[in-house]
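*Asks:* 3D model of this:
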Amino acid sequence: MSCSQCFEKPPTLSPTYGAGTVQELGGLQTYATGSPHSMLAILLISDIYGCEAPNLRKIANKIAAVGFLVVVPDFFYDDPVIDLNDPNFDVNSWIKVHNTDKGYEAAKAMIAALKSKGVSAIGAGGFCWGGTVAVKLASSTDLQAVVLLHPSSITEYHIDNVKVPIAILGVENDNLSPLEKLKQFGEKLSAKSEVSLKQISS
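*Replies:* Predicted coordinates for the structure are as follows:
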């Protein structure tokens, strides 16, 4: 939720979109796509528009097509943002209910559920709101790699605690995570011997 462009054309959410199935996993309703028998999984953490956004499901399906089990949980319990420009919508109240600390705890339960199914390696990708959740997950070695896509509200504290390989994909116009800030994060990460870094800006 960091740049005005994110608000201009909200997606039309569709619970039936995509080739995958919706199932309960780790206590959350989850869009799952790819082989349920894969030992390799990717956890995708949405932006504020949630797991029913068609483009997010398209990304999940593309990743699944190369052999991964991909899961996209509903971290908002069927309460995604529909339209930030709606005068009746109070974004601050929504954020209090759906904060990234709660998302982090729910994501840890999702990782545990995947491991209980026999998954041996898990990566995570977080978009905007989900980027903050994903960078928190990167502070442990439960994941093999993390990708942050136009992440919002990440701090030096988060970066200092990264313990796994990480990629940061920024955007040109982002008030909360401008490119200069992401470059500084890149410099901090490049000094960490235990972390490999890939930084891409668009």
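*Asks:* now the helices for the chain?
*Replies:* Secondary structure of the chain, counting by DSSP state H: helices at 5-8, 54-64, 91-97, 100-116, 129-137, 156-160, 179-190.
*Asks:* Pick out the residue nearest the middle of this structure.
*Replies:* Gly126 (1.9 Å; C-alpha atoms, centre = their mean).
*Asks:* which one of the helices of the chain lies closest to Gly20?
*Replies:* Among the helices of the chain, helix 54-64 comes nearest to Gly20, with 6.8 Å by C-beta to C-beta. Heads up, the C-betas are built off the backbone N, CA and C, glycines and all.
*Asks:* got the contact list for the closest one?
*Replies:* Contacts to helix 54-64, defined as C-beta atoms under 8 Å, 6 or more residues apart in numbering, come from residues 11-14, 17-20, 31, 33-35, 42, 44, 46-47, 49, 51, 70, 72, 127.
*Asks:* Name the stretch among the helices of the chain that sits most buried.
*Replies:* helix 129-137 (a mean of 27; mean count of other C-beta atoms under 10 Å).
*Asks:* mind exporting it as CSV, just the C-alpha atoms?
*Replies:* Provided in CSV are the C-alpha atoms of helix 129-137 (Å, rounded to 0.1, in the frame of the first residue of the first chain):
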residue,chain,number,x,y,z
TRP,A,129,1.6,-5.6,2.2
GLY,A,130,2.8,-9.2,1.7
GLY,A,131,6.4,-7.9,1.2
THR,A,132,6.5,-6.8,4.8
VAL,A,133,5.3,-10.3,5.9
ALA,A,134,7.8,-12.0,3.6
VAL,A,135,10.8,-10.0,4.9
LYS,A,136,9.8,-10.9,8.5
LEU,A,137,9.7,-14.6,7.4
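*Asks:* Quick one: work out the angle between that helix and helix 179-190.
*Replies:* 20 degrees (axes from the mean of the first three to the mean of the last three C-alpha atoms, to 10 degrees).
*Asks:* Point to the helix or strand of the chain where mean pLDDT is at its lowest.
*Replies:* Here the helix or strand of the chain ranked lowest by mean pLDDT, DSSP states H and E is strand 197-201, holding a mean of 48.
*Asks:* how about low-confidence regions in the protein?
*Replies:* By pLDDT under 70, the low-scoring segments of the chain are 1-8, 193-202.
*Asks:* For Tyr31, which residues are in contact?
*Replies:* Per C-beta under 8 Å, 6+ apart, neighbours of Tyr31: 18, 20-22, 51-52, 57, 60, 71-74.
*Asks:* neighbours around the nearest residue to it once chain neighbours are set aside, how many?
*Replies:* Leaving aside its sequence neighbours, Tyr31 sits nearest to Val72 (C-beta to C-beta, 6 or more residues apart in numbering; 4.2 Å). Other residues near Val72 come to 28 when the count uses other C-beta atoms under 10 Å.
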